[in-house]
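A.B. asks: Take a look and give me a structure for this.
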Amino acid sequence: MNAPLAKLIDWLRIQKRCRRRPSIDRRTLRLQEALQFLMGPDFIPAESEPARVEFSPSPSGLHFRFPTPRPCGVAENNIVYGRFYRCAGRWQERPMVVLLHGGNAGAGNAGSLGYRFGFALIARRCNRAGFNAATLEAPYHFQRYPRQAGIVSPVDYLRMAQAVAQAASEIRALTGWLLAEGCPAVALWGLSMGGWLAGMTVCREARLAAVVMTLPVVRSNPSCADRIIWRDVREAWQGLRWAEEQLDTTPFNLTTARPAIPRKNILLVEGTQDLLTPPEPIEELWQLWGQPDIWRLPHGHMSLSLSLGGLTGPVLRWLAPRLDKPAIEKPPNGAAQSVERMGASRSGQFQCLRQWRLAPTAHARRWPMYVHAHL
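C.D. replies: Numbers count the residues shown, from 1 in each chain. Predicted structure coming up:
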């Protein structure tokens, strides 16, 4: 994609998400409480019980729900909702791909057309390739968004930490249920915030067969606030850099942990023009995680997020050998998706396998931020 256009779209997204000055009070940040929780044993415990999944009585059997393993004081947030897209026949004999959406871990989101319609199309593509697919609604998102105003805030770090712990426990609980039902393999595919949650989960869940992290948040970089055109709003976010730096010393920063599965089963997808989750932190993660497969695409955050349909085929073909299931689906005629997989040989020299056309582009500057750098 045209680099200036990709960056412009991301810049406009930043302006849209940051039109109002956040209400910041050090007493309501609850930063110290968040730091203690993140560094303590209760953040993501070693043990995980299978979810108690219940399906809706509708003939489609598409919708399911289960109680969250980490209940909180918000009733709407204590039920996990999802959609289950089965393969024809005995679905228990087919691998599962769990799709994790983007969003905002701190402030949540009341609705998303991408989750409702875009993920449904990707899930059906998974079915045609021989994989089951499921979607999960993250804490404080969609049906789980609190009805009472003022419950969620992008600058309540303790609630954000608890929401991330809750999300990871729910992903692990669903994984446990799927494996107990006989599903031969479970993979995660996360976008933006979902990629962050997938990365956090794979560092603590060895039962996963594979993980795809598309445009993942890796760590904070509050310089994203420098892009905001409204001075009072920009200065308010810039004033939180000290807090973001402290959060970067905790498991919120994916570079502080290592995956529990082999690196050959991890795929990173970065956008070289991304202003929201830029390539530099992803490259750092790639190095620290032992150089797993990485695809560097000439896109921004929003342009690639809106182009996931074109990325689905290559991802499913990458997943197929790792889930021991041949991918049936063929790429569309005339596809010009850009994918480059990088690996390191034993001698330390990089070897490139070009699967689709990739126009080399310069890396974008860093502009991620925990609190508003998500879709």
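
A.B. asks: For stretch 202-212, buried residues please.
C.D. replies: V202, C203, R204, E205, L208, A209, A210, V211, V212 (16 or more other Cβ atoms under 10 Å). All C-beta spots, glycine's among them, are computed from the backbone N, C-alpha and C.

A.B. asks: What ranges does the stretch 51-200 of the chain have for its strands?
C.D. replies: 54-55, 63-67, 79-85, 96-100, 132-136, 186-191 (DSSP state E, counting those that start in this stretch).

A.B. asks: The residue nearest to G176 when sequence neighbours are not counted: how many residues sit nearby?
C.D. replies: Spatial nearest neighbour of G176, excluding adjacent residues (Cβ to Cβ, 6 or more residues apart in numbering): P50 at 3.7 Å. If you count neighbours by other Cβ atoms under 10 Å, P50 ends up with 17.

A.B. asks: what residues are up against A209?
C.D. replies: P95, A185, V186, A187, I261, N265, R322, L323 (Cβ atoms under 8 Å, 6 or more residues apart in numbering).

A.B. asks: which one among the residues you listed gets closest to P154?
C.D. replies: A187 (30.2 Å; Cβ to Cβ).

A.B. asks: coming back round to it: looking at the contacts of A209, which are in helices?
C.D. replies: R322 (DSSP state H).

A.B. asks: Would you agree V211 falls within a helix?
C.D. replies: No: counting by DSSP: H, G, I helix; E, B strand; the rest coil, V211 is not part of a helix but strand.

A.B. asks: gap between it and A236?
C.D. replies: Per Cβ to Cβ, to the nearest Å, V211 is found 35 Å from A236.

A.B. asks: try S192
C.D. replies: 23 Å.

A.B. asks: of these two, who's got more company?
C.D. replies: Neighbour totals were compared for S192 and A236, and S192 leads with 28 against 19 (other Cβ under 10 Å).

A.B. asks: what bits of the stretch 201-350 of the chain have low per-residue confidence?
C.D. replies: 221-223, 325-350 (pLDDT under 70).

A.B. asks: got the residue ranges for the helices in it?
C.D. replies: Using DSSP state H, counting those that start in this stretch, the helices of the stretch 201-350 of the chain run over residues 231-238, 241-247, 279-288, 301-305, 308-322.

A.B. asks: Need the winner for burial among those helices.
C.D. replies: Most buried of the helices of the stretch 201-350 of the chain by mean neighbour count (mean count of other Cβ atoms under 10 Å) is helix 301-305; its value is a mean of 25.

A.B. asks: Give me the distance from it to the chain's centre.
C.D. replies: Distance of helix 301-305 from the chain centroid (Cα atoms, centre = their mean, to the nearest Å) equals 13 Å.

A.B. asks: for stretch 146-157, same thing?
C.D. replies: Counting by Cα atoms, centre = their mean, stretch 146-157 comes out at 21 Å from the chain centroid.

A.B. asks: start to end distance for it?
C.D. replies: Stretch 146-157 has an end-to-end distance of 17 Å (Cα to Cα, to the nearest Å).

A.B. asks: Can you mark which positions in that stretch are buried?
C.D. replies: For stretch 146-157, by 16+ other Cβ under 10 Å, it's I151, V152, S153, P154, V155, D156, Y157.

A.B. asks: hang on, the fourth one packs against P22?
C.D. replies: What that stands for is P154. Yes: P154 lies in contact with P22 (Cβ atoms under 8 Å); the separation is 6.3 Å.

A.B. asks: got any residues that touch both of the two?
C.D. replies: Both P154 and P22 lack any common contact, where contact means Cβ under 8 Å, 6+ apart.

A.B. asks: From Y85, how far off is the residue nearest to G176?
C.D. replies: 20 Å.

A.B. asks: between the helices of the stretch 201-350 of the chain, which one is nearest to G103?
C.D. replies: Per Cβ to Cβ, nearest to G103 of these: helix 301-305, 11.7 Å.

A.B. asks: Just name whatever secondary elements the closest one is in contact with.
C.D. replies: If you count contacts as 3 or more Cβ pairs under 8 Å, 6 or more residues apart in numbering; DSSP states H and E, helix 301-305 packs onto helix 3-17, strand 266-271.

A.B. asks: Could you figure out how far the longest one is turned away from strand 266-271?
C.D. replies: Orientation note: helix 3-17 sits at an angle of 90 degrees relative to strand 266-271 (axes from the mean of the first three to the mean of the last three Cα atoms, to 10 degrees).

A.B. asks: Return the set of buried residues in helix 3-17.
C.D. replies: Result for helix 3-17 [16+ other Cβ under 10 Å]: buried residues A3, A6, K7, L8, I9, D10, W11, R13, I14, R17.
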